[in-house]
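J.: coords below, sequence missing:
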């Protein structure tokens with residue numbers, strides 16, 4: 001049973017959504033079961049095909065439920081080579097970068113989610129109870145040039161690995177990607193959302209004011225802790241131009257900062273923190289209703 005792209009993928013599927021089990025020794029009737037639970041038919045078929053290539057036998061497929069097969073021989077081969085597949089005990093095999101891509105693709109296809117909150121939060125995330133295993137995943141990503149953040153939940157014994165930033169998410173797409181159709185499509189949406197970096201400001205005042213209302217209704221957020229209106233952009237020129245127009249049209253004062261997030265991505269932040277200036281934003285429809293309501297509640 002030589003390690004190749006098929007076995008690497010099968011192993012990841014089993015670690016993520018699978019099981020390699022036998023019944024308790026106290027029971028007379030013995031059974032050995034290998035299975036992969038998933039509702040996505042594309043992943044179920046991929047597991048079935050790769051499993052057959054490795055073990056020369058095809059597991060039974062139940063659509064939108066699982067693939068499974070009973071085999072003492074395969075059970076013993078898998079557990080002897082890899083140990084436990086239980087969710088808190090599995091370990092990522094020692095793989096070269098090419099095989100790591102296959103393993104990570106199958107694992108993320110099963111376990112990950114993609115967040116795409118336009119112009120605010122784009123990320124790929126995974127939650128896992130297995131600290132050693134998820135740290136190995138982070139190390140494997142790092143060897144592929146993909147940075148991630150790993151944190152333990154404060155309320156539960158769960159570890160969250162998250163991939164942020166355009167460069168890291170594009171590298172994930174180019175080097176790993178998804179087979180899962182919906183996740184693959186959502187990843188592309190997240191990447192496309194990064195592309196709208198340069199803000200095009202109209203020249204005519206009437207059109208410019210409409211543009212500013214639309215832009216700030218999306219981008220401007222009030223921080224509850226200190227009541228600062230913040231607008232963030234990856235491009236400094238966007239905020240320089242925005243601040244100039246806010247000052248010219250509405251006499252609004254501001255502060256502009258260069259920031260760096262936890263994974264080293266540089267971004268820029270425009271802050272408006274004077275009560276009179278925030279009132280001007282509200283009176284001219286430059287804040288959306290939710291942010292306006294935050295401000296009004298704070299003044300009561």
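T.: The structure has been received and is ready for your questions. These figures come from a predicted structure and were not determined experimentally.
J.: for the rest of this, base every contact and every neighbour count on C-alpha atoms.
T.: Will do.
J.: centre of the chain to the strand or helix carrying residue 231, how far?
T.: Using DSSP states H and E, the element containing residue 231 is strand 228-233. In terms of C-alpha atoms, centre = their mean, to the nearest Å, the gap separating the centre of strand 228-233 from the centre of its chain is 23 Å.
J.: for the record, mean pLDDT for whatever helix or strand comes next after that strand?
T.: Following strand 228-233 in sequence order, the next helix or strand is helix 236-250 (DSSP H and E). The average pLDDT for helix 236-250 rounds to 94.
J.: what helices and strands are in contact with helix 236-250?
T.: Counting contacts by 3 or more C-alpha pairs under 8 Å, 6 or more residues apart in numbering; DSSP states H and E, helix 236-250 is packed against strand 228-233, strand 266-272.
J.: what's the closest of the ones you listed to residue 89?
T.: Closest of those to residue 89 is strand 266-272, at 37.3 Å (criterion: C-alpha to C-alpha).
J.: buried sites along the closest one?
T.: The neighbour-count check on strand 266-272 (16 or more other C-alpha atoms under 10 Å) flags 268, 269, 270, 271, 272 as buried.
J.: with stretch 126-146 instead?
T.: Buried residues in stretch 126-146 (16+ other C-alpha under 10 Å): 126-131, 133-135, 137-138, 140-141, 144, 146.
J.: could you do stretch 152-171 as well?
T.: 159-171.
J.: out of the helices and strands packed on helix 236-250, which is closest to residue 151?
T.: Nearest to residue 151, of the helices and strands packed on helix 236-250 and by C-alpha to C-alpha, is strand 266-272 at 21.3 Å.
J.: doesn't residue 99 make contact with residue 144?
T.: No. Contact criterion C-alpha atoms under 8 Å: residue 144 and residue 99 do not qualify, at 11.3 Å.
J.: just the helices in the stretch 51-200 of the chain please.
T.: Here the stretch 51-200 of the chain has its helices, by DSSP state H, counting those that start in this stretch, at 72-82, 97-111, 131-143, 166-175, 181-194.
J.: ok, residue 61 - contacts?
T.: Each residue near residue 61 by C-alpha atoms under 8 Å, 6 or more residues apart in numbering is listed here: 44, 45, 48, 67, 68.
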